[in-house]
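Peer 1: Quick one: sequence and predicted model below, then my questions.
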Amino acid sequence: MDNHKAADTPSKRPAGFVEFAPDQVRRFWKAVSVEPDGQGWAVRLDGKMPKSPAGHSLVLPTKGAAQLVAEEWAGQGDVLIPATMPATRLAFTAIDRVREVREAVADEITAYAGSDAICYLAETPDTLVERQARDWTPWRDWAERDLGCVLVPVAGIVHRSQAEEALAAVRKQALALDDYALTGLAMATPLLGSAVLAFAVQRGALSGAEAFDLSRLDEAFTEERWGVDAEAAERAEGLRAEAVMLERWFAALR
């Protein structure tokens, strides 16, 4: 059983995820700064704000988030490489897209909660069953306490619908976030295959690495029994790095 199918590749993105520039654009700035701008914090390149693909200024709600984005611009070499700028991509997605489609984004996150990875338990072997019970049960309990969401686990791979009240609670919690946190949640949820684990990272209850490890208990168990495939291990490390980056994004927004 594969409970991590939603994060098969680092290229998995929510609909409308903004790619803000082609590769190999030459660096056109020398200095990067962060300055107050209205109710937010602006990233400036030689005193000027870079624009999003839709023409919006790069202004973030907290100084920490702006500094995280600024670090990416400052760290570029002679050419701009968007793949090394995930926080900038999150910011532009929040600014250009998520603010316009919040309801649809919340619906997508809610759909993951309806088949959350930590609710689908193995039937055998006993060691995996015990590990899932030990490691996942506390987070279903956490979801009930912190999200007001009671998710019912099921043994096996046959889909079981969750209560409408539980899904409504997830949707409400998602819509309560600002555009920037909602964008991060929309990325973290498919990455982890779990809305619960994504919310736990967003709220600081789990680190990105911890959530990623919880999301792939099945894979780790298989690796322990049969060995690690080098290609799969490399892919997993790329996904883990995304989870760690999202932890930094959420922390910077608080």
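Peer 2: Noted; the coordinates are in hand.
Peer 1: give me every residue that touches residue 202.
Peer 2: Neighbouring residues of residue 202 by C-beta atoms under 8 Å, 6 or more residues apart in numbering: 177, 181, 184-185, 188, 250. No exception for glycine: its C-beta is placed from N, CA and C like everyone else's.
Peer 1: Closest one of the residues you listed to residue 195?
Peer 2: residue 185 (8.0 Å; C-beta to C-beta).
Peer 1: Tell me the pLDDT of that closest one.
Peer 2: Per-residue confidence at residue 185 stands at 98 (pLDDT).
Peer 1: Give the next helix or strand downstream of the host helix or strand of it.
Peer 2: Secondary structure from DSSP states H and E places residue 185 in helix 179-192. Scanning forward in sequence from helix 179-192 by DSSP H and E, the next helix or strand is helix 195-202.
Peer 1: buried residues in that next one?
Peer 2: Neighbour counts over helix 195-202 (16 or more other C-beta atoms under 10 Å) mark 195-202 as buried.
Peer 1: Tell me who's in contact with residue 150.
Peer 2: 143-144, 163, 165-166.
Peer 1: In a strand, it, correct?
Peer 2: No: Residue 150: not assigned to a strand; according to DSSP: H, G, I helix; E, B strand; the rest coil it is coil.
Peer 1: Would you mind giving the domain segments of the chain?
Peer 2: Taking automatic domain parsing as the reference, the chain has its domains at 25-96, 101-253.
Peer 1: any idea how far the last one is from the chain center?
Peer 2: Distance of domain 101-253 from the chain centroid (C-alpha atoms, centre = their mean, to the nearest Å) equals 10 Å.
Peer 1: how about the helices of the protein, start to end?
Peer 2: Assigned by DSSP state H, the helices in the chain fall at 63-74, 86-96, 102-113, 126-142, 164-175, 179-192, 195-202, 208-215, 217-226, 230-253.
Peer 1: Report pLDDT for residue 191.
Peer 2: For residue 191, pLDDT reads 97.
Peer 1: quick one on the thing from earlier: got the buried residues of helix 195-202 as a markdown table, with pLDDT columns?
Peer 2: As requested, these are arranged in a markdown table below (pLDDT from 0 to 100):
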| residue | pLDDT |
| --- | --- |
| 195 | 98 |
| 196 | 98 |
| 197 | 98 |
| 198 | 98 |
| 199 | 98 |
| 200 | 98 |
| 201 | 98 |
| 202 | 98 |
